[in-house]
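**Q** Mind looking at a prediction? Sequence and model below.
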Amino acid sequence: MIQLQKISKHYPVGFGKNEILKDIDLTIEEGEFVSIMGPSGSGKSTLLHILGLLEEPSAGAYLFQGERVDKMNEKKRTQLHRGAIGFVFQAYHLIDELTVYENIETPLLYKSLSGSERKSKVADVLDRFNMVAKKDLFPNQLSGGQQQLVGIARAIVAEPRVILADEPTGNLHSDQAKSIMELFKQLNEQDKITIVQVTHSDLNATYGNRIIQIRDGHIQG
Amino acid sequence: MLFRYIQIAFRNLRRQRLFAFINIAGLALSMTVCLMVLKSTKKDFSYDKFHPAASRTWRITSQATTQEGKYYHMASSPMPLADVLRKDYAFTEEVVRVYGTLSGNVIDGKKKLPLRGAFTEPSFFQVFGFRLQNGDPITALNAPNSIVLSEATASRIFGNAQAMGKVVHFEKLGDYIVTGILAAPPGLSHIDYDAYASLSSVPALEQQGILPARLTDWNQVQDDYTYVMLKPGVSRSSLSTALSFISQRFYLPAKKGIGSITLEEQSLGSISPSRELYNDIGNAPPWAKVLGAMAVAFALLLCACFNYTNLSIVRSLQRAREVGVRKVNGAHRWQVFMQFITESVVMCLLALILAIIMLVLAEVYTPLGISFMFGEPIDIGLIAWFLVFSILTGILAGIIPAWALSSFQPAKVLRNMVDIKLFGGLGLRKTLIVIQFTLSMTAIIFFVTVYRQFAYKEAFNMGFSRDNILNVPLADADFQLMKDRMMQVTGVEAVTASSGTLGMPNQSGFMRVKADVNGSRMEMGYYAGDADFLKIMQLKLLAGSNFPPAVSRDKEQYILVNEQMVKALNLKSPADAIGKAIWLNDSSMVSILGVIKDFNYQPIEVPVFPMAIRFAPNEFRQLQVLVNTQDKAGLTAGIKQAWLEMHPGETFSTQWMSDQLYEKTSGKEPVTGLALLVVMITVIAALGLLGVVSYTTFTRRKEIGVRKVMGAGVPGLVMLLSRSYLRLIALAALIALPLGYLASQLFLRIFANRISIGFFTLAGSFVALLCIALLAIVSQTWRAATSNPVDVLRND
């Protein structure tokens, strides 16, 4: 499903350049639950951003469902975001001015679905996550765990093929983290959604079925 | 989708109260002015729209160059032109002349009603599409001495009685039978006379010498307006070819004493707003005024839009994350762009509501007398214009911030907020602030100059007395009889007869005089006054004597002149002038009896020119009554009674000389209007600055916290935070000082007697603006500098 071939990423710094990723080769099959681990500054987040088409690699080829996407223009990339990729962030990144309901609805708004279709999809997700009672609250009225739950709900509402999660439990305490990880596992097993998460925690990594270690821009082992 | 955008716009407005307030207040203020201008502009452009064949109708104008080389472009044309166009050119469908000399008083019993009318032809109704509510348009203007009245004029002359078939007596122009009453026209037209009489009445009037001979004279171009309606399909060039042919036929070679005349067509649609032709008719304002009002309104609006642009860009740091999230969730750039445009349009629509409320309040409660405030009443069409206008404003204000915000890359804004570069860097924002303050400062300097000049004008000693003098119209009574009667009223000290009020615009007469029979002519201003004129006006006699009490009323013998006249006659001292003879209007010879000290007989815009006081009873228009009493009401009642005895059945009206002068010359209108604009533009600029400083200071709160922990003091921090803005204000001042100085100089050139702008006007304006700016800056930076650093550093 995801194939990276000789992917590199560097930023210009002064007169030289700062190499973040070097010659990454990586294949992720449909239905996998992959954890990317490594110390801070090792390039995990950059790798995740490249997987999510938020950043372009400096060199190498990226095939998503068999299609070259590394040189795609912004329009096509946006198209992929709408259909195939969902994001979950460490800082949740909910829109403060929108209610829980509206936050979850956001991806559907950009998919030109009819009002009733949007309604039923959002209702399904709210139901599944037991958040119907909270649908009219604003993010700042929720706990961190609840906010991340909304973040995940928003990521799956458009029924993506893959979820990319950047330290999804980094701001949560352990009880909340556990339930979020269980939710991911459930999504992976029941809904067959491919999940790629970046994490620091060994415990979280055990929920997945593969661990990729990154150090100084290289995949270890 | 749109609904969601609007919803989020409202939530953002509620959360960001300062931002919303600054923007809506500024936009509403400037939009109020814009709406006023829009209203009056709509009126200005609504002239001449109902004329049936406007696209085929042309007015013939004349460009005349006199022998001395003076050039006039006149809206009028010679009278015989119409017949030539009618007979010799088959492409004309109708030709109509509008000969505007039917003006004068209409006699109704003892009453005299002034009337402004024109002579015209039956084709008038076909060409211009005016309708009659009574009478037959085909015959109404056929017979000599028939007249068509406007509805208002008919009721003015005949009251509620039926006017058709009645006779209108003109004081000089004879009697006319009413053959029609005009229906109210469906719109505005530049042709707007009180009455139209048949042109066939004119030959008789010319024969009797009542009107000057114009009907067959190609060289008199200044009185008659000729309109041509071409047959359908005839091009403009056929008409202009014909006109240049006619010009050559009748005006070449240039005849002696005339100079040259060229005829030219002007389309009916381009008459209003007027192009300031020499003797144009109609009430449409000139282009310069229309464009000037638009420019002022647009500048104000632009300032308010700058606020929105600036604040939105500064605030974009707070919205960046939202943009990132939306893009990650599949939003195209244009969708994000549209969202922010929608927000600014919503903001403008809110401002529009406020502006309409202010507009209505302004019109109901404060008739400020700013002339562009008066336009059409607000109707659906105008509301539609307002809506379109405010949506355009929203797009104008929102386009740069929307572009900047929608350009954010999600990977960058979601990872690290600190790195984000604001659109256009500091350059754009600084430029906008500098433009705002430059405009504001220029306006302040200009306003201070105007205010000081008018204050100076009011305090200026014009050299004559104006207090306790009541002006009473003479209204054709014998001045001596009325004077004697007025003297009997208790409280009246002295009475003089005069031709007008000293110091009022356009009340002085002018005439040609010569120092001897064969001498060269020169122009002299004059007022007519009797023997008491000098005493009551407190004019000082330098040499010679006043008019003697018994002087011939029929033959003018003596004249009093001012010092300028003595100079103009090349005499050394006032005493030399006594007894000198001068010729008035080539005919009568009078001798100089006395010389008076120069005084400003015209408003102080004009320098003192040579002038004279003539004893000319046929020019007396009013009595000026000097009173000496506290009981002014009782005195006015006494004068009224005396006046009514001599004018039974007429309406008495009177005014104190000082009031009359104040009303006409105080300049209260422009000063109030200008003050309002200056306040608006300054408030908008100050609010914008306040907002920008507030947000940028907010983004630097961490830096401030760190500096405080390192031991920085409050004054140092305030200085640090304020310095860059003060530099901008200084830059604005540097641009605005010469601009304001130039604008003020241009204004002052209107006045012959004027103030000098001076250092203190400039410095004072700068200090005033600096204080306002400081208030806006320091109020924000002080708050940031005194905040507890722990609060900021802990949260991070």
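**A** Received, thanks.

**Q** average model confidence for the longest helix belonging to chain A?
**A** Taking DSSP state H as the criterion, chain A has its longest helix at helix A:174-190. The average pLDDT within helix A:174-190 is 91.

**Q** Which positions in it come out as buried?
**A** A:176-178, A:180-181, A:183-184, A:187-188 (16 or more other Cβ atoms under 10 Å in any protein chain shown). For the C-beta atoms, the positions are set from N, CA and C on the backbone; glycine is no exception.

**Q** Would you format these as a markdown table with distance to residue B:38 included?
**A** As requested, the buried residues of helix A:174-190 are arranged in a markdown table below (distance: Cβ to Cβ, whole Å):
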| residue | distance to residue B:38 |
| --- | --- |
| A:176 | 58 |
| A:177 | 61 |
| A:178 | 64 |
| A:180 | 58 |
| A:181 | 62 |
| A:183 | 58 |
| A:184 | 59 |
| A:187 | 58 |
| A:188 | 62 |
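
**Q** about what we covered before: what's downstream of the longest helix of chain A, the next helix or strand?
**A** Beyond helix A:174-190 in the direction of the C-terminus, DSSP states H and E gives the next helix or strand as strand A:194-198.

**Q** In PDB, list the C-alpha atoms belonging to that following strand.
**A** The C-alpha coordinates for strand A:194-198 follow below in PDB (Å, rounded to 0.1, in the frame of the first residue of the first chain):
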ATOM      1  CA  THR A 194      -3.900   0.800   8.100                       C
ATOM      2  CA  ILE A 195      -2.400   2.700  11.000                       C
ATOM      3  CA  VAL A 196       1.000   4.300  11.200                       C
ATOM      4  CA  GLN A 197       1.900   5.900  14.600                       C
ATOM      5  CA  VAL A 198       4.900   7.800  15.800                       C
END
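
**Q** rewinding a little: need the buried residues of helix A:174-190 in a markdown table (columns: distance to chain B).
**A** A markdown table is the format used below for the buried residues of helix A:174-190 (distance: Cβ to the nearest Cβ, whole Å):
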| residue | distance to chain B |
| --- | --- |
| A:176 | 21 |
| A:177 | 21 |
| A:178 | 25 |
| A:180 | 19 |
| A:181 | 22 |
| A:183 | 19 |
| A:184 | 18 |
| A:187 | 18 |
| A:188 | 21 |
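
**Q** Looking at those residues, which one is closest to residue B:330?
**A** Closest approach to residue B:330 among the buried residues of helix A:174-190 (Cβ to Cβ): residue A:187, at 19.2 Å.

**Q** Report the contact partners of the residue nearest to the closest one when sequence neighbours are not counted.
**A** Distance criterion Cβ to Cβ, 6 or more residues apart in numbering or on different chains; nearest residue to residue A:187, sequence neighbours excluded, is residue A:193 at 5.0 Å. Contact partners of residue A:193, counting by Cβ atoms under 8 Å, 6 or more residues apart in numbering or on different chains, are A:156, A:160-163, A:187.

**Q** Could you work out the most separated pair of those residues?
**A** Distance extremes for the contacts of residue A:193: the farthest pair is A:161 and A:187 at 11.8 Å, using Cβ to Cβ.

**Q** Tell me where the stretch 251-400 of chain B is predicted with low confidence.
**A** B:252-259, B:365-377 (pLDDT under 70).

**Q** Report the buried residues of stretch B:123-143.
**A** For stretch B:123-143, the neighbour count (16+ other Cβ under 10 Å) marks B:123-130, B:134-135, B:137, B:140-141 as buried.

**Q** Rebuild these as CSV, extending it with distance to chain A.
**A** CSV is the format used below for the buried residues of stretch B:123-143 (distance: Cβ to the nearest Cβ, whole Å):
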residue, distance to chain A
B:123, 64
B:124, 63
B:125, 60
B:126, 59
B:127, 58
B:128, 57
B:129, 53
B:130, 57
B:134, 63
B:135, 65
B:137, 62
B:140, 66
B:141, 68
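
**Q** Go through those residues and flag which are in helices.
**A** Checked against DSSP H, these include these in helices: B:124-128.

**Q** how about the residues of the stretch 251-400 of chain B near chain A?
**A** B:321-322, B:324-333, B:335 (Cβ under 8 Å from any Cβ of the partner chain).

**Q** Among those, which one has the most neighbours?
**A** Counting neighbours by other Cβ atoms under 10 Å in any protein chain shown, residue B:329 comes out on top of those with 28 neighbours.

**Q** For that one, which non-adjacent residue is spatially closest?
**A** Here the nearest residue to residue B:329 in space, its sequence neighbours aside, is residue A:107; by Cβ to Cβ, 6+ apart that works out to 4.2 Å.

**Q** wouldn't that neighbour be in contact with residue A:153 here?
**A** No: checked against Cβ atoms under 8 Å, the pair residue A:107 and residue A:153 is beyond contact range at 10.4 Å.

**Q** Neighbour count for these two, which is higher?
**A** Ranked by neighbour count (other Cβ under 10 Å), residue A:107 and residue A:153 place residue A:107 first, with 29 against 21.

**Q** quick one: secondary structure of that one?
**A** Three-state call for residue A:107 (DSSP: H, G, I helix; E, B strand; the rest coil): helix.

**Q** State the distance from it to residue A:158.
**A** For residue A:107, the distance to residue A:158 equals 4 Å [Cβ to Cβ, to the nearest Å].

**Q** Show me what from chain B comes close to chain A.
**A** So chain B meets chain A at B:1, B:4, B:8, B:11-12, B:15, B:321-322, B:324-333, B:335, B:409-411, B:414-415 (Cβ under 8 Å from any Cβ).

**Q** show me where the stretch 251-400 of chain B has strands.
**A** B:260-267 (DSSP state E, counting those that start in this stretch).

**Q** Past the lengthiest strand in chain B, which element shows up next along the chain?
**A** Using DSSP state E, we find that the single longest strand of chain B is strand B:92-108. Remark: after strand B:92-108, the chain's next helix or strand is strand B:111-120, criterion DSSP H and E.

**Q** Not counting its own residues, what contacts that following strand?
**A** Contacting residues not belonging to strand B:111-120 are listed as B:96-106, B:141, B:147, B:153, B:156-157, B:170-171, B:193-199, B:201-202, B:649-650 [Cβ under 8 Å, 6+ apart].

**Q** Now do it against strand B:92-108, angle only.
**A** Between strand B:111-120 and strand B:92-108, the angle comes out at 170 degrees (axes from the mean of the first three to the mean of the last three Cα atoms, to 10 degrees).

**Q** circling back: if any of the contacts of strand B:111-120 are buried, put those into a PyMOL selection.
**A** Command for PyMOL that selects the buried part of these, burial taken from 16+ other Cβ under 10 Å:
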select buried, chain B and resi 96+97+98+99+100+101+102+103+104+106+141+147+153+157+170+193+194+195+196+197+198+199+201+202+650
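
**Q** ok, back up a step: I'd like the buried residues of stretch B:123-143 laid out as a markdown table, including pLDDT and distance to residue B:268.
**A** Compiled in a markdown table, those are given as follows (pLDDT from 0 to 100; distance: Cβ to Cβ, whole Å):
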| residue | pLDDT | distance to residue B:268 |
| --- | --- | --- |
| B:123 | 91 | 14 |
| B:124 | 92 | 14 |
| B:125 | 91 | 15 |
| B:126 | 89 | 14 |
| B:127 | 90 | 9 |
| B:128 | 91 | 9 |
| B:129 | 90 | 11 |
| B:130 | 91 | 14 |
| B:134 | 87 | 27 |
| B:135 | 89 | 25 |
| B:137 | 89 | 19 |
| B:140 | 90 | 22 |
| B:141 | 91 | 20 |
